[in-house]
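> sequence unknown, structure follows:
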């Protein structure tokens with residue numbers, strides 16, 4: 001089933017955030033239907049830095065290729081601002097699509113962008129962003145590659161201005177609409193009232209962010225079709241890593257933490273060592 005067809009179903013789609021091939025593989029093995037490749041999580045894990053526009057186009061493209069080679073789920077890719085103007089957007093879409101993206105998200109912030117739940121963001125004009133959306137649509141090789149339009153206007157221009165921008169982006173042809181960082185369930189419901197039935201709506205769940213945290217069923221009942229948890233896996237892993245390192249420093253060995261770990265065999269089982277050895281042996285045997 002294509003991502004477009006899946007979003008047309010009644011039940012919303014939940015896509016956890018990944019940042020590399022291993023995290024994507026774990027999401028697939030856990031039984032999810034799609035993966036969200038998070039620019040924020042790439043910044044957190046591969047740069048050790050916040051989501052403030054430090055991740056480059058080439059960096060994201062490399063991660064897209066590594067992930068799509070390893071997993072078979074639809075890959076929704078955070079394309080930030082498209083890494084420039086409409087011409088840059090077209091290059092971003094072409095390359096991300098060739099590398100395996102099933103959907104590409106573009107936002108209306110100025111560069112350098114910031115996490116949508118941070119303050120002091122800047123926006124390009126509605127006209128410029130609408131042009132970027134049209135450029136993205138023209139650049140894609142397949143209409144099964146979805147273009148997700150995101151507006152960050154709530155925190156900059158206000159809620160009504162964000163709805164006005166969202167209307168313009170739908171008119172420009174966006175396949176999915178993402179109004180970032182609504183502050184109340186009332187605002188979330190107003191977004192759904194304005195757009196549900198016209199275009200699939202995306203909800204972004206950020207622990208500690210500006211939007212109320214709801215479960216996928218609650219969000220589906222409001223009218224959202226796609227739910228992402230971009231940085232949740234990182235936020236789950238950090239305290240575990242800190243607890244392990246504290247134990248190792250205190251005890252001088254991993255043994256006291258062993259019950260909370262998997263061993264080398266457990267890792268190899270998850271990443272497919274036996275299958276690769278068998279494949280290699282079959283080719284070596286002729």
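That came in fine, so what should we check first? Keep in mind that what you see is a predicted model, and the values were worked out from it rather than measured.

> Grab the longest helix from this protein for me.
The longest helix of the chain (DSSP state H) is helix 232-251.

> Mind giving me the packing neighbours of it?
strand 13-18 (3 or more Cβ pairs under 8 Å, 6 or more residues apart in numbering; DSSP states H and E). Using the backbone N, CA and C atoms, a C-beta is placed for each residue, glycine as well.

> Parallel or antiparallel, which strands does the strand it packs on pair with?
Strand 13-18 has the following strand partners under DSSP bridges: strand 35-37 (parallel), strand 226-229 (parallel).

> do you know which of these lies nearest residue 267?
Nearest to residue 267, of all the strands paired with strand 13-18, is strand 35-37, at 20.0 Å by Cβ to Cβ.

> pLDDT averaged over that closest one, what's the number?
Strand 35-37 carries an average pLDDT of 98.

> follow-up on the earlier one: buried deepest among the strands paired with strand 13-18, which one?
Mean neighbours per residue, mean count of other Cβ atoms under 10 Å, is largest over these for strand 35-37, with a mean of 27.

> List the contacts of that one.
Contact with strand 35-37 is made by 15-19, 24, 27-28, 60, 63-64, 67, 71, 73-78, 101, 228-230, as judged by Cβ atoms under 8 Å, 6 or more residues apart in numbering.

> what's the spacing between the helix or strand hosting residue 282 and its chain's center?
Using DSSP states H and E, residue 282 maps to helix 273-284. Taking Cα atoms, centre = their mean, to the nearest Å, one finds helix 273-284 lying 33 Å from the centre of the chain it belongs to.

> Next: stretch 105-124.
With Cα atoms, centre = their mean as the basis, stretch 105-124 stands 15 Å off its chain's centre.

> Which positions within that stretch qualify as buried?
For stretch 105-124, the neighbour count (16 or more other Cβ atoms under 10 Å) marks 105-109, 113-118, 121, 123-124 as buried.

> ditto for stretch 263-279
Here stretch 263-279 shows no buried residue, counting by 16+ other Cβ under 10 Å.

> thinking again about what came up before, which outside residues touch the helix holding residue 282?
residue 268.

> Counting neighbours, what do you get for residue 261?
When neighbours are counted by other Cβ atoms under 10 Å, residue 261 registers 12.

> What sits closest to it if chain neighbours are left out?
Using Cβ to Cβ, 6 or more residues apart in numbering and skipping the chain neighbours, the partner closest in space to residue 261 is residue 254 (7.0 Å).

> thinking again about what came up before, now the two most distant members of the buried residues of stretch 105-124.
By the measure Cβ to Cβ, 117 and 124 form the most distant pair in the buried residues of stretch 105-124, at 19.3 Å.

> any idea which element residue 105 lies in?
Per DSSP H and E: residue 105 is located in strand 103-107.

> residues making contact with that strand?
By Cβ under 8 Å, 6+ apart, the surrounding residues in contact with strand 103-107 are 3, 74-82, 89, 92-93, 96-97, 113, 116, 129, 132-133, 136, 145-152, 175-176, 178, 180.

> change it to 6 Å
For strand 103-107, the surrounding residues in contact (Cβ atoms under 6 Å, 6 or more residues apart in numbering) are 3, 76-79, 81-82, 93, 96, 132, 146, 148, 150, 152.

> Give me the subset of those lying in helices.
3, 93, 96, 132.

> Tell me the one of these nearest residue 162?
Nearest to residue 162 among those is residue 132, at 16.9 Å by Cβ to Cβ.

> Enumerate every residue touching that closest one.
82, 86, 89, 106.

> how distant is stretch 81-101 from the center of its chain?
With Cα atoms, centre = their mean, you get 15 Å for stretch 81-101.

> show me where the stretch 1-150 of the chain has helices.
For the stretch 1-150 of the chain, applying DSSP state H, counting those that start in this stretch gives helices covering 3-7, 21-29, 39-42, 57-70, 86-99, 126-139.

> Just list what the shortest one packs against, helices and strands only.
Identification of packing neighbours for helix 39-42 by 3 or more Cβ pairs under 6 Å, 6 or more residues apart in numbering; DSSP states H and E yields no helix or strand.

> Residues in contact with that helix: which ones?
Taking Cβ under 6 Å, 6+ apart as the rule, helix 39-42 contacts 17, 19, 51, 55, 63, 78, 80, 115, 230-231, 234.

> what residue lies at the spatial centre of this structure?
Per Cα atoms, centre = their mean, the C-alpha nearest to the average position across the chain is that of residue 36, at 3.2 Å.
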